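Engineer: Structure for the following, please:
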Amino acid sequence: MRSYESRSSRRPEASPRLAVAALLALLLSLLAVPLTAAPAQAAPPGDKDVIANLFAWNWPSVSAECTSVLGPAGYGGVQVSPPQDSLKRSGVHSWWELYQPAAYDINGRLGTRAQFASMVQACHAAGVKVYADAVINHMTGQGATSYGGKTFSKYDYPGTYSAADFHYYPDDCGNGDNVIHDVDYGGSARNVQQCELVGLSDLDTGASYVRSRLSAYLNDLSSLGVDGFRIDAVKHMSPADLSAIYGGLSGSPYIFQEVIYGAGEAVQPSQYTGLADVMDFQYGRYLKQKFEGNISELQTFGASWGGMQPSDKAVTFVTNHDTERNGSTLTYKNGATYTLANIFQLAWTHGSPQVYDGFTFTDHDSSPPSDGNGYVTAANCSNGWTCLHRDGAINGMVGFRNAVRGTSVANWSAPTSSVIAFSRGNKGWVAINNGGGSHTGTFATGLPAGTYANLTGAGSVTVAANGTATVTVPAKAAVAIRTGGPTPPASVATSFNVNATTAWGQNVFVTGNVAELGNWSPAAAVPLSSAAYPVWRATVNLPASTAVQYKYIKKDGGGAVVWESDPNRSFTTPASGTATRNDTWR
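Structural biologist: All right, here's what the predicted structure looks like:
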């Protein structure tokens, strides 16, 4: 690291030539805005507050996703990764290149300025607001070239910043190596906010030139239609500095700030909630604890739990690009448990939720799918991309959240440590089973009598006149219903008849890939009658026009299960009428 111990106590002012160059660069960039660029919609999330966080997706991919998935599903916003030009290393292109700015041109690893502007317009046309991840605390920590073709060094960014625009020891940072250390978080707000985060060149956000330059960058994004910002590394900037930067913004962009909570630390999220909303990091940490333990303990989940933020100031998430790599939260690698935690988040009342999607990784520094030069390729929800936001159960819950907005939690039930159920007023009801076997119970739903489609999978729920419903929740799954939801699918009475000899004490069941057949869970399989032995029979109402796979199993009184051999049986139910399956045990 370069040492600045011999610097005088008075930092030189930014040169007039640099300021003029920066102003000219900004004016030229504004002139490049397409005449058809949509104005910023500004405003907080509003009635549709679910934000899809498409981490490291390139601009054409976000554009297509807003049109085909996010808008139709009811997402209110999309968070996109930092759009500014950034560090381009030689050879290896880690994800964190995006978080090392080299210039404020919108021309980098994720696409061009024109592609970005087109993406914003497409998302607006789909009813989805756009929130840009903004890195304004620092520049890069090394000298190199950028994706936009800029050449720079750690403290010199021609046309943007010179050495006078950064924090140094001893004037600002109290550490001789100019870097934040773990001990600083416990007692030195000065060092947390004026030393370098992991060696990244720390901007002097207290200087008027730096503040105006950062405000100009954010205003440029607003001129392209961006509705708000997720501000990165906020705890490393003082509230006073941020207040001045936000004060230079045009319009009323929605702002939510990354302030990582740590018990006893010198810098706390509460110091920033007067400026804008904050990311609630404790939210995902607690969900991991409970979904790996007892979800029945979530009844009081909210701001009363240590370190969590007020609901009206919190943007929540089950995981994000940092926490999925440090092990503090559930991730896509947790499979169905991760999905269930997201279902809970969308059903619960605390904060405004994000649904996170990035890419698979094998180590902390893995690159998103990219070409040989590091430019991120199309996100196609395969070949390395995770796409939870396309999951049918998650999208069903986005609609659920929009429908129950403004209601409170009621009718809480926790029949086991792994099963919970609750309503949102009289508009929606959800049951979540985090256990390894199915659970059947009668629940108070709070909903009017009627038959409702299950928003998280196949099947329907019938609510009686007294508001109760008897429901089977498959293992590691959920059942959710709401008023005004989709019409339950038509059902077809399907007769299963199988010729099967059994040993004493054995019975025959049928199970399959739909909820009505137990979702392959032996505990939830449908029992068959032996009245016509050796033919076992049962009639099950299955959803119409549905591809069904199934098998027969034998179970004895001790719980031993024998599956029939060979591949799954399969058929498609008709659109109406009845169906019959005549089989012989394999």
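Engineer: Contact partners for the residue nearest to residue 293 when sequence neighbours are not counted?
Structural biologist: Nearest non-adjacent residue to residue 293, counting by Cβ to Cβ, 6 or more residues apart in numbering: residue 417, 8.0 Å away. Yep, even glycine has a C-beta here, placed from its N, CA and C like the rest. By Cβ atoms under 8 Å, 6 or more residues apart in numbering, the contact list for residue 417 reads 293-296.
Engineer: Show me which of these are buried.
Structural biologist: Among these, those scoring as buried are 295-296 (criterion: 16 or more other Cβ atoms under 10 Å).
Engineer: Okay, and which of the contacts of residue 417 map to helices?
Structural biologist: Using DSSP state H to define helices, no part of the contacts of residue 417 is located there.
Engineer: Looking at the contacts of residue 417, which is nearest residue 391?
Structural biologist: Lowest distance from residue 391 to the contacts of residue 417 (Cβ to Cβ) belongs to residue 295, with 19.3 Å.
Engineer: I'd say that closest one and residue 434 touch.
Structural biologist: Yes. Contact criterion Cβ atoms under 8 Å: residue 295 and residue 434 qualify, at 5.1 Å.
Engineer: so what sits against both of the two?
Structural biologist: Residues touching both residue 295 and residue 434 by Cβ under 8 Å, 6+ apart: 418-419.
Engineer: picking that back up, got CSV for the contacts of residue 417, with distance to residue 178 too?
Structural biologist: Shown next, in CSV, are the contacts of residue 417 (distance: Cβ to Cβ, whole Å):
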residue, distance to residue 178
293, 42
294, 46
295, 45
296, 49
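Engineer: Local confidence estimate at the residue nearest to residue 230 when sequence neighbours are not counted?
Structural biologist: Leaving aside its chain neighbours, residue 230 sits nearest to residue 133 (4.8 Å; criterion: Cβ to Cβ, 6+ apart). Per-residue pLDDT puts residue 133 at 98.
Engineer: need the contact list for residue 133.
Structural biologist: 79-83, 229-230, 232.
Engineer: could you redo the last one with a cut-off of 6 Å?
Structural biologist: 81-82, 230 (Cβ atoms under 6 Å, 6 or more residues apart in numbering).
Engineer: buried stuff in stretch 267-284?
Structural biologist: 267-269, 271-273, 275-284.
Engineer: Which one of the contacts of residue 417 is nearest to residue 119?
Structural biologist: Comparing those against residue 119 with Cβ to Cβ places residue 295 closest, at 37.5 Å.
Engineer: what would the contacts of residue 417 look like in CSV with pLDDT and distance to residue 580?
Structural biologist: Below are the contacts of residue 417 laid out as CSV (pLDDT from 0 to 100; distance: Cβ to Cβ, whole Å):
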residue, pLDDT, distance to residue 580
293, 97, 46
294, 98, 44
295, 98, 41
296, 98, 43
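Engineer: could you give the mean pLDDT of stretch 455-474?
Structural biologist: Mean predicted confidence for stretch 455-474 is 93.
Engineer: How about stretch 520-533?
Structural biologist: Averaging pLDDT along stretch 520-533 yields 92.
Engineer: can you list contacts of that stretch?
Structural biologist: Residues outside stretch 520-533 that contact it (Cβ under 6 Å, 6+ apart): 437-438, 472, 474-475, 508-511, 518, 536-538, 540, 553, 561.
Engineer: again, but for stretch 142-160
Structural biologist: Residues outside stretch 142-160 that contact it (Cβ under 6 Å, 6+ apart) are 21, 25, 85, 87-88, 102-103, 105, 107-109, 163, 166, 201.
Engineer: for this protein, what spans make up the helices?
Structural biologist: Using DSSP H, helices in the chain cover 16-31, 59-65, 71-73, 113-125, 182-187, 189-194, 208-223, 239-247, 281-291, 323-326, 336-347, 392-404.
Engineer: Take these and write them to CSV, including mean pLDDT.
Structural biologist: Shown next, in CSV, are the helices of the chain (pLDDT from 0 to 100):
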stretch, mean pLDDT
helix 16-31, 40
helix 59-65, 97
helix 71-73, 96
helix 113-125, 98
helix 182-187, 95
helix 189-194, 97
helix 208-223, 98
helix 239-247, 97
helix 281-291, 98
helix 323-326, 96
helix 336-347, 98
helix 392-404, 96
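Engineer: Dump these to a markdown table, plus distance to residue 450.
Structural biologist: Shown next, in a markdown table, are these (distance: least, Cβ to Cβ, whole Å):
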| stretch | distance to residue 450 |
| --- | --- |
| helix 16-31 | 55 |
| helix 59-65 | 34 |
| helix 71-73 | 24 |
| helix 113-125 | 35 |
| helix 182-187 | 54 |
| helix 189-194 | 55 |
| helix 208-223 | 46 |
| helix 239-247 | 48 |
| helix 281-291 | 31 |
| helix 323-326 | 40 |
| helix 336-347 | 20 |
| helix 392-404 | 15 |
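Engineer: quick check, nearest of the contacts of residue 417 to residue 347?
Structural biologist: Closest approach to residue 347 among the contacts of residue 417 (Cβ to Cβ): residue 295, at 12.0 Å.
Engineer: quick one, what contacts that closest one?
Structural biologist: 420, 434.
Engineer: Got the domain ranges for the protein?
Structural biologist: 42-137+207-403, 407-482, 491-584 (automatic domain parsing).
Engineer: Any idea how far the longest one is from the middle of the chain?
Structural biologist: Offset of domain 42-137+207-403 from its chain centre (Cα atoms, centre = their mean, to the nearest Å): 7 Å.
Engineer: for the second one, same thing?
Structural biologist: Centroid separation for domain 407-482 versus its chain: 24 Å, with Cα atoms, centre = their mean.
Engineer: what about it, how long is it end to end?
Structural biologist: Start-to-end span of domain 407-482 (Cα to Cα, to the nearest Å) is 12 Å.
Engineer: Backbone dihedrals for the residue lying closest to residue 465 once chain neighbours are set aside, both of them.
Structural biologist: Excluding the flanking residues, the one nearest residue 465 by Cβ to Cβ, 6+ apart is residue 449, at 4.7 Å. Reported as degrees, to the nearest 10, the phi and psi values for residue 449 are phi -60, psi 140.
Engineer: show me the contacts for the closest residue to residue 393 other than its chain neighbours.
Structural biologist: For residue 393, ignoring the flanking residues on the chain, the nearest one in space by Cβ to Cβ, 6+ apart is residue 456 at 3.9 Å. Residue 456 is in contact with 393, 396, 478, 480, counting by Cβ under 6 Å, 6+ apart.
Engineer: Switch these over to JSON lines; also include neighbour count and distance to residue 311.
Structural biologist: Formatted as JSON lines, those follow (neighbours: other Cβ atoms under 10 Å; distance: Cβ to Cβ, whole Å):
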{"residue": "393", "neighbour count": "21", "distance to residue 311": "24"}
{"residue": "396", "neighbour count": "24", "distance to residue 311": "23"}
{"residue": "478", "neighbour count": "26", "distance to residue 311": "22"}
{"residue": "480", "neighbour count": "27", "distance to residue 311": "21"}
